[in-house]
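# quick check, what structure comes out for this input:
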Amino acid sequence: MWDVFLSYSRSDVERVRPLVRALRDGGLDVFTDETGVASFAGISDTIRRELARSKALLAYYSAGYPEREACQWELTTAYLAGLAEGDPRGRVMVVNPEAGTDHIHPVELRDARHASADDPAGLVADVREHVARLDGPMAIQERAVRRWLLGSPEQRPDFLGRLSELWQVHSALHAHAAPLVTGRAAPRAVQIRGMAGIGKSALAQEYALRFEAAYPGGVFWVNGQAYDDSVRTLSASLTEVSSDAGGPFLWIVDSVPADRLAARELAAMAAPHPLGRTLFTLRSRAYDGLGTPVDLGPLDASHARALVGGDEALAEAVEGHPLALGLLGRAVRAGHQPRGLYDRLHARGGSLLDALAEADVTGALVRDVDTADAADVLRCAAVLHPLPLTVEDAERVLAAADRVPRAVAARRAGNGVSELRVRSLLAPVADGGWRLHPVTLHAWHHHDPAPARTESLRHAALRTLCGRRDPATLAFPGSRRAVPMAAPSESERMAAFDVQVELVTRIGVQELAPGTGSLREALASLKSLIDSTRVTLHTYSIGLEHASGSGAPTVQSLAYALINDTIRPFTSTWHPRLAAYEARCPADVAPLDHEAAWPQAEAMRAELTALREPLLRIAEGLGGISGADFGVAATG
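Numbers count the residues shown, from 1 in each chain. The predicted structure is shown next:
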C-alpha cells in the first residue's frame, strides 16, 4: 500500500523530483507514474489499481496541471473517493507552487490549506500527519448513477475532453461549500450555455455520471422543452422522498427554451427542494441573474482531430463542433475517406451532416433565427465569413440594400446582433466584431427561408464594403488603344465583380512556382473558371457573343476574351496531351511523381506562365467595371 500517490504534470517533472526525494526520505511510500497516460485514453488500469492501493493523492497543482487530462482523471478519482466518505479533501492534498489559487478546481480544494514546496520539511510533516489519520487505501468509485428520476438523457457519443469544464460546473454548484473563497453562503443554479450541438447536454450527462457520489438523493433529468405543471407536481413529491432518504440531489433541466420564457418561468423550473442543486442547459445568454454561467465553446484542436481519426482538414472545417465531429467521425470509422467527406461538406445540394445523421439535424442549429432583423444580420455575417462582422458593417449593408436612413439601419443591425448573441449564434472576436461558426453557416445555407434576400444583401455588401472607382481609361485586351469607360449598369458591376473574384484567385493570375503544384490541378482550375464565368453571365442575363466594334470594354467582351481567346486555346492544347501521358502512369508511381517526369511539363509551365499577362489585363478591365481592386496588375 502506498502512503501517497503523487499526481503531477509532465512539464513539472524537474520541480517534482526534489519533492519525491523529500517524501521518501521522510519515510513515506510514494507512487509516481513514470510512463504517463496516453492521450485520450482516460485513466489506465495501472493508474486505477495504484490509486486503489494509495491512502491519498498529493496533487502538485501548478498552472499547467488543469490542462493535463491524465492529471484530471487522477484528481477526480481521488476526489470522489473522499466525497463518498463525507469530505472530498480527505483523500486529496494539494501542493500549490503558484502565487494565486484561481487555477485550482474544485472550489473545496481552493479553500483548503495548501502545502508549500519551498518548505520540504514542513510539507513532509503535514503529509505524514494527514495520511496517519486515514484508515486504509481509498475506495475507487465506479461510474454508475444509482438513480435517474423523472427521465434519462439520450445516449451520447464517447465523451472527450471538457475536463476543465466539468470542474467548473462542480465548483459552481458547490461554491457555497467554500464561502471564504467564493463569498457565497447558499447554493446557486448553474447554466451550461452555448450554441446548438456544442455538447451542453453531453457535458451535463457526463457530470452526473462522474460526480454521482456528491448526490446521494439521485439525479433528476427533466426535458426543458416539455416542462409543465404535471412535471412540477410529480417532481415535488419525488424530491421530498429523495431528499429525506439520501440527502442532496442533482436537478438537471436539459434544453431549456429560455428565449421564450419570462425570467420567473425559468426560475420556477429550478429544483423544488432546498437540497437540490440545479443545472440548466440552454442556448440563451439572457438570464445571468438566475445562475452561474459556464459558457461552452468548441473542442480544442487535439480533441477535435481525435474524433475524426486525426484528419486535420476535416476537424478544422467544423472548428471543434462536437455534433458535426461526431457525425463525421462515425463516417470515417465506417470507411469513408476524409477528403471525400470534406468535399461533400462544402458541396451544393443537401447537407452532408443531415445525410450522415439520417435526419434534419442542421435545422435545429438555426431554429432560433426567428426575427427578420436576426435573419438579415446572420446573412450579412455569412457574406463576410470567415471575416468578422461589426454592427457598423451590418448597418451599411442594410441601409444600401433597403435604401433606408442609416439611423433605421443602425437600429435593425443592433437588434439583429443582440438577438444572435443572446441565442449563441454569433461569437465575439477580439476587435469588437462578431463571427459566425462554420457549422452555423453550413446550416443556414441549407435552411435560409429567403435565399433571394441573401443574394440581395450579398450584392449590397459588395457595393458598400469594396468601394467604387471613378470612370477610368482602360486598354481593351489585345489592343493598345485606350477607350473611355462607359457607366456600367448595376447588373454589370455585380457580374464583373463575381468574375473578377474567381479570376484573381486562380492559378494563372496566381503564379505556379517552378517545381510546385500540379499541372492537372492547374488545368482543372482554369476549366472551372470557364464554368463559373458562364454561370455568372447566365445569372445576370449577359450573353457571350463576340462583341464587335471599338467601344469601351464590357463584361460581355471581357468574358469572351477570357474564355474563348485566352483559356480555351491553352486547355484544348494541353488537356489531351497531359491526359494521354497520365494514362500511362504505372500503378506503383505516385501521380505527382509521374507528372514531374513528363518531358513536356516545362513547356506547359512556360505557357501557363505566359497566360498571366492577358489574364491580369482582363482582371483590370473587370475591376474598372466593378470598382474593386484586388492588388493585381498587368506587367505590360
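
# right, and residue 393 touches residue 379 too?
No: the criterion here is C-beta atoms under 8 Å, and residue 393 misses it with residue 379 at 11.9 Å. For every residue, glycine as well, the C-beta is placed using N, CA and C.

# more neighbours: those two, which one.
residue 379 (26 against 22; other C-beta atoms under 10 Å).

# against residue 350, how distant is that one?
Distance from residue 379 to residue 350, counting by C-beta to C-beta, to the nearest Å: 21 Å.

# same question for residue 356.
Remark: distance between residue 356 and residue 350 (C-beta to C-beta) = 11 Å.

# of these two, give the one with the bigger neighbour count.
Shown here are residue 356 and residue 350; by other C-beta under 10 Å, residue 356 has more neighbours (21 against 11).

# excluding its backbone neighbours, what's nearest the more buried one?
residue 327 (4.2 Å; C-beta to C-beta, 6 or more residues apart in numbering).

# equivalent analysis for residue 406, please.
Nearest residue to residue 406, sequence neighbours excluded (C-beta to C-beta, 6+ apart): residue 399, at 5.1 Å.

# before we move on, what SS does that neighbour have?
helix (DSSP: H, G, I helix; E, B strand; the rest coil).

# shouldn't residue 302 be within a helix?
Yes: under three-state DSSP, residue 302 falls within a helix.

# and it, what pLDDT?
With respect to pLDDT, residue 302 scores 86.

# quick one on the thing from earlier: the residue nearest to residue 356 reaches residue 353, doesn't it?
Yes: using C-beta under 8 Å, residue 327 makes contact with residue 353 at a distance of 5.5 Å.

# what sits in contact with each of the two?
Counting by C-beta atoms under 8 Å, 6 or more residues apart in numbering, the common neighbours of residue 327 and residue 353 are residue 361.

# can you give me the helices for the stretch 251-400 of the chain?
With DSSP state H, counting those that start in this stretch, the ranges of helices along the stretch 251-400 of the chain come out as 263-267, 301-307, 312-317, 322-333, 338-345, 352-357, 361-365, 372-384, 391-402.

# looking at these, spot the one closest to residue 78.
Distance to residue 78, taken as C-beta to C-beta, is lowest for helix 301-307 among these, at 23.6 Å.

# so what's the gap between the lengthiest helix in the chain and the chain middle?
Across the chain, the longest stretch assigned as helix under DSSP state H is helix 519-539. With C-alpha atoms, centre = their mean, to the nearest Å as the basis, helix 519-539 stands 32 Å off its chain's centre.

# so where do the strands sit in the stretch 1-150 of the chain?
Here the stretch 1-150 of the chain has its strands, by DSSP state E, counting those that start in this stretch, at 2-7, 30-32, 54-60, 92-95, 148-149.

# could you dump those into CSV and include mean neighbour count?
Shown next, in CSV, are these (neighbours: other C-beta atoms under 10 Å):
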stretch, mean neighbour count
strand 2-7, 24
strand 30-32, 19
strand 54-60, 24
strand 92-95, 24
strand 148-149, 18
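
# reformat those as CSV; add distance to residue 200 and mean pLDDT.
CSV is the format used below for the strands of the stretch 1-150 of the chain (distance: least, C-beta to C-beta, whole Å; pLDDT from 0 to 100):
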stretch, distance to residue 200, mean pLDDT
strand 2-7, 29, 92
strand 30-32, 37, 90
strand 54-60, 28, 91
strand 92-95, 28, 89
strand 148-149, 18, 65
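
# how about CSV for these, with distance to residue 261 added?
CSV is the format used below for those (distance: least, C-beta to C-beta, whole Å):
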stretch, distance to residue 261
strand 2-7, 43
strand 30-32, 51
strand 54-60, 41
strand 92-95, 39
strand 148-149, 23
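
# give me the distance between the residue nearest to residue 406 and residue 461.
Taking C-beta to C-beta, one finds residue 399 at 11 Å from residue 461.

# so for these two, which sits in the more crowded spot?
When residue 399 and residue 461 are compared for neighbours, residue 461 comes out ahead with 23 against 20, by other C-beta under 10 Å.

# that one contacts residue 385, correct?
No: at 11.2 Å, residue 461 and residue 385 do not qualify as touching, with contact defined as C-beta under 8 Å.

# returning to that earlier point: can you flag the weakest of the helices of the stretch 251-400 of the chain by average pLDDT?
Here those differ in mean pLDDT, and the lowest is helix 263-267 at a mean of 84.

# show me what counts as buried in it.
The neighbour-count check on helix 263-267 (16 or more other C-beta atoms under 10 Å) flags residue 266 as buried.

# now stretch 385-404
Neighbour-count burial for stretch 385-404 flags 385, 388-391, 393-401 (criterion: 16+ other C-beta under 10 Å).

# okay, how far is it across it, tip to tip?
With C-alpha to C-alpha, to the nearest Å applied, stretch 385-404 spans 25 Å between its terminal residues.
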